[in-house]
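Novice: mind folding the following:
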Amino acid sequence: MKILLFGKDGQVGWELQRSLALLGPVVALGRAGRDGLVGDLQDIEGACATVRSLRPDAIVNAAAYTAVDKAESEPDVARVINTAAPTALAREAAALGSWLVHYSTDYVFDGSGTTPWTEDDATGPLGVYGATKLAGEQGIQAAGGKHLVFRTSWVYAARGNNFAKTMLRLAKERDELSVVVDQVGAPTGAEALADATAHALRVARQDAGVSGTYHLAASGETNWLEYARFVIDRARAQGAAVRVPADSVRGIATRDYPTPARRPLNSRLATHKFTSTFDLCLPPWREGVARVLDEGNT
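Specialist: Numbering: from 1, shown residues only. Next up is the predicted model:
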């Protein structure tokens with residue numbers, strides 16, 4: 001199975017280079033591209049030409065515009081990367097009879113209620129980022145080819161920037177921290193996402209009927225405050241030079257921490273469709289976070 005991977009330098013893309021290699025040769029591209037191959041999704045025609053020249057059995061798109069707040073002031077750039085490019089890649093994949101794997105987000109929902117979102121629930125993004133990701137999903141579906149769209153949440157990894165790293169840095173610099181307490185979701189490791197993707201793609205090779213949209217996130221739920229305290233307490237137990245006392249990490253409401261883009265309060269994702277279709281277990285979020293912290297990479 002020949003695989004073309006876009007977004008190799010991101011958190012998920014970096015792990016995918018490892019996991020996808022078990023399925024066959026992987027051509028992994030970042031924004032800079034290589035050997036005349038285009039990996040920058042702002043150059044849609046160049047990326048499509050790369051697909052046509054390589055004729056892969058699967059295209060895995062781990063590239064995205066993920067700057068949620070910045071997207072509010074750069075909607076055109078976000079639409080190119082999150083909507084137009086995935087749609088174009090889906091059309092190329094359909095023309096070749098290839099699979100397209102794409103990652104989406106809990107931000108396609110409006111964050112209301114307290115029940116985990118299912119794949120069939122009505123969407124309602126609150127900002128440009130979520131709207132462009134949803135439009136990308138719709139473009140992929142309209143292309144009519146074989147696809148796996150994985151909606152996930154609160155991604156972290158040993159590599160790259162993420163919430164856990166930010167909390168550890170601030171905990172070493174400050175005497176107190178304020179963290180949002182009323183947004184609920186599941187921190188999901190890039191390593192687990194990559195491994196689950198490889199398994200799902202292996203199944204898909206044998207059964208085109210699994211084509212569709214799935215929720216793929218760690219099991220369990222938490223809020224940003226609990227998540228921050230878990231990270232800081234774990235680091236302190238390992239002897240890290242954490243300055244902020246445990247009782248000085250306090251919770252605040254989303255309304256008291258204004259940002260350019262609105263965040264969904266309920267980011268819970270129901271994953272039964274994924275686990276039952278692909279016969280996988282998604283570990284609790286604490287296990288993945290603890291592993292990254294214990295390795296000393298965060």
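
Novice: so where is this protein shaky, pLDDT-wise?
Specialist: 296-298 (pLDDT under 70).

Novice: the same query, at a cut-off of 90, please.
Specialist: For the chain, the stretches with pLDDT under 90 are 158-165, 168, 175, 235-248, 292-298.

Novice: ranges for the helices of it?
Specialist: 11-20, 44-54, 75-79, 85-96, 128-143, 163-173, 190-206, 224-237, 272-278, 285-294 (DSSP state H).

Novice: for those helices, which one sits closest to Ala261?
Specialist: Ala261 lies closest to helix 128-143 among the helices of the chain, at 6.3 Å (C-beta to C-beta). Every residue, glycine included, has its C-beta placed from N, CA and C.

Novice: convert that closest one to CSV, retaining C-alpha atoms only.
Specialist: Extracted C-alpha coordinates of helix 128-143, given in CSV (Å, rounded to 0.1, in the frame of the first residue of the first chain):
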residue,chain,number,x,y,z
VAL,A,128,-14.3,30.3,11.5
TYR,A,129,-12.1,27.4,12.5
GLY,A,130,-15.0,25.0,13.2
ALA,A,131,-16.9,26.3,10.1
THR,A,132,-14.0,25.7,7.7
LYS,A,133,-13.4,22.2,9.2
LEU,A,134,-17.0,21.3,8.8
ALA,A,135,-17.1,22.6,5.2
GLY,A,136,-14.0,20.4,4.6
GLU,A,137,-15.8,17.4,5.8
GLN,A,138,-18.8,18.2,3.6
GLY,A,139,-16.5,18.7,0.6
ILE,A,140,-14.9,15.3,1.2
GLN,A,141,-18.3,13.6,1.4
ALA,A,142,-19.5,15.3,-1.8
ALA,A,143,-16.5,14.1,-3.7
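
Novice: who's in contact with the closest residue in space to Leu170 that isn't next to it in sequence?
Specialist: Nearest residue to Leu170 in three dimensions, chain neighbours excluded: Leu177, at 5.8 Å (C-beta to C-beta, 6 or more residues apart in numbering). Counting by C-beta atoms under 8 Å, 6 or more residues apart in numbering, Leu177 makes contact with Met167, Leu170, Ala171, Ala228, Val244, Ser248, Val249, Arg250.

Novice: distance of the first one from Asn61?
Specialist: When distance is defined by C-beta to C-beta, to the nearest Å, Met167 is 29 Å away from Asn61.

Novice: residues near Asp35, how many?
Specialist: 6 (other C-beta atoms under 10 Å).

Novice: backbone phi and psi for it, please?
Specialist: When read as degrees, to the nearest 10, the backbone of Asp35 gives phi 50, psi 40.

Novice: show me how far stretch 110-118 is from its chain's centre.
Specialist: Centre-to-centre, stretch 110-118 and its host chain are 18 Å apart (C-alpha atoms, centre = their mean, to the nearest Å).

Novice: and that stretch, C-alpha only, in PDB?
Specialist: Provided in PDB are the C-alpha atoms of stretch 110-118 (Å, rounded to 0.1, in the frame of the first residue of the first chain):
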ATOM      1  CA  ASP A 110     -21.900  24.200  19.100                       C
ATOM      2  CA  GLY A 111     -20.800  22.800  22.500                       C
ATOM      3  CA  SER A 112     -24.300  22.800  24.000                       C
ATOM      4  CA  GLY A 113     -25.500  20.200  26.500                       C
ATOM      5  CA  THR A 114     -23.600  17.600  28.500                       C
ATOM      6  CA  THR A 115     -24.100  14.500  26.300                       C
ATOM      7  CA  PRO A 116     -21.300  13.200  24.100                       C
ATOM      8  CA  TRP A 117     -21.800  14.100  20.500                       C
ATOM      9  CA  THR A 118     -22.400  11.300  18.000                       C
END
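
Novice: which residues are in contact with that stretch?
Specialist: Residues outside stretch 110-118 that contact it (C-beta under 8 Å, 6+ apart): 106, 109, 123-126, 183-184, 215, 263-270, 273.
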